[in-house]
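A.B. asks: need a 3D model of the following:
(one chain, ligands or ions: 1)
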Amino acid sequence: MTSSDLHDFWEIGVKRTREAPCSKALTPSRLPGLDLTLNPYRGCAHGCIYCYAPSLLHLSAKEWSDPLPKRGFIRLLERELPHIKGVIGVGTSTDPYQPMEADLCLTRRALELISKNGLRFCIHTKSDLVTRDIDLIGPNEVGVTVTSLDEVVSRVIEPGAPPPSRRLDALLLLNDAGIHTFVMVGPALSCIEGREEELVGAIAATGTEVLMVDTLRLRPNTGSELADAGVRAAGQATMRRLKLFAKEMGLDYRTAF
Ligand code: SF4
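C.D. replies: Next comes the predicted model:
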């Protein structure tokens, strides 16, 4: 029995879940430093009010908020991996550590297969579930998004995601394990104005050495929710302060994309 047979057995025999259609596990990437992208799930439970993924993927907000594992994903990946080379971005259109990943282990199995094929990957997540896979990550890279240190604000703007304190704890564990990490402050929002030093300090304290900042990219339907939550794009002064404090604290400051 192959590993994909085992996975099918698990899915069919133990817990049958609804699935999203899938014809390819890997797709070419237009993101810097990544050759291919891999997203084992469609949709996202984190519910970020600034999320523009559904509009890019032509899905309704309702469809996006109901994440599904992709059908036959591991079997497809097993077939595709021997024919590719380059770095694989894991979690480029949605978070690869959806709550259901704790049971389904699709992302974990994908990481195992990528490593088995001698390829490198870069994970991007908001979830501390990534620390479950420390044993597989090794020389690869993990980016964790932190948009605010304020747990109350976080519950409003990212209601389904683990709170910032758990993301920072995850970064500590990853860094302690010698994994190369970066933090994405993205999008940079007005809720960090006046707290830039505190935010950069908390990130630096985890041992992360790279701070990446992204600006707010508004798509249809994302603006009104932000306005209702009293949040807008961070101003230029905040962006300058983030850069200044990053430099002062020895972090490598980068702008995303
Ligand atoms: S984690 Fe990413 S994909 Fe998920 S809702 Fe937030 S912005 Fe969208």
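
A.B. asks: which bits of the stretch 1-150 of the chain sit near the ligand?
C.D. replies: Counting by CB under 6 Å from any ligand atom, the stretch 1-150 of the chain comes close to the ligand at Cys44, His46, Gly47, Cys48, Cys51, Ala53, Thr94, Asp95, Lys126. For the C-beta atoms, the positions are set from N, CA and C on the backbone; glycine is no exception.

A.B. asks: contacts only, for the residue nearest to the fourth one when sequence neighbours are not counted.
C.D. replies: What sits nearest to Cys48 in space, not counting adjacent residues and going by CB to CB, 6 or more residues apart in numbering, is Glu158, at 4.7 Å. By CB atoms under 8 Å, 6 or more residues apart in numbering, Glu158 lies in contact with His46, Gly47, Cys48, Ile49, Lys126, Thr147.

A.B. asks: swap the cut-off to 10 Å and go again
C.D. replies: His46, Gly47, Cys48, Ile49, Tyr50, Cys51, Lys126, Thr145, Thr147, Ser148, Pro164, Arg167 (CB atoms under 10 Å, 6 or more residues apart in numbering).

A.B. asks: ok, now Val142?
C.D. replies: 90-91, 121-125, 130-131, 133-134, 170-171, 174-175, 177, 179-182, 208.

A.B. asks: now a ChimeraX select for only the buried ones of the residues you listed.
C.D. replies: The ChimeraX selection below is limited to those of those classed as buried (16 or more other CB atoms under 10 Å):
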select :90,91,121,122,123,124,125,130,131,133,134,170,171,174,175,179,180,181,182,208
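
A.B. asks: whatever residue of the stretch 51-200 of the chain ends up closest to the ligand: which element?
C.D. replies: Residue nearest to the ligand within the stretch 51-200 of the chain (CB to the nearest ligand atom): Cys51, separated by 3.1 Å. Using DSSP states H and E, Cys51 sits in no helix or strand.

A.B. asks: now swap in the one 4 residues further on and tell me
C.D. replies: Under the assignment given by DSSP H and E, the secondary-structure element containing Ser55 is helix 53-56.

A.B. asks: mind listing what's buried in that helix?
C.D. replies: Ala53, Pro54, Ser55.

A.B. asks: which one of the residues you listed sits closest to Arg109?
C.D. replies: Nearest to Arg109 among the buried residues of helix 53-56 is Ala53, at 22.9 Å by CB to CB.

A.B. asks: does that closest one touch Gly47 like I think?
C.D. replies: No. Using CB atoms under 10 Å, Ala53 makes no contact with Gly47, being 11.6 Å away.

A.B. asks: identify the contacts common to those two.
C.D. replies: Joint contacts of Ala53 and Gly47 (CB under 10 Å, 6+ apart) are Trp64.

A.B. asks: looks like Gly86 contacts Ser29 (just checking).
C.D. replies: Yes. Contact status for Gly86 versus Ser29: in contact at 8.4 Å, counting by CB under 10 Å.

A.B. asks: cool, thanks, talk later.
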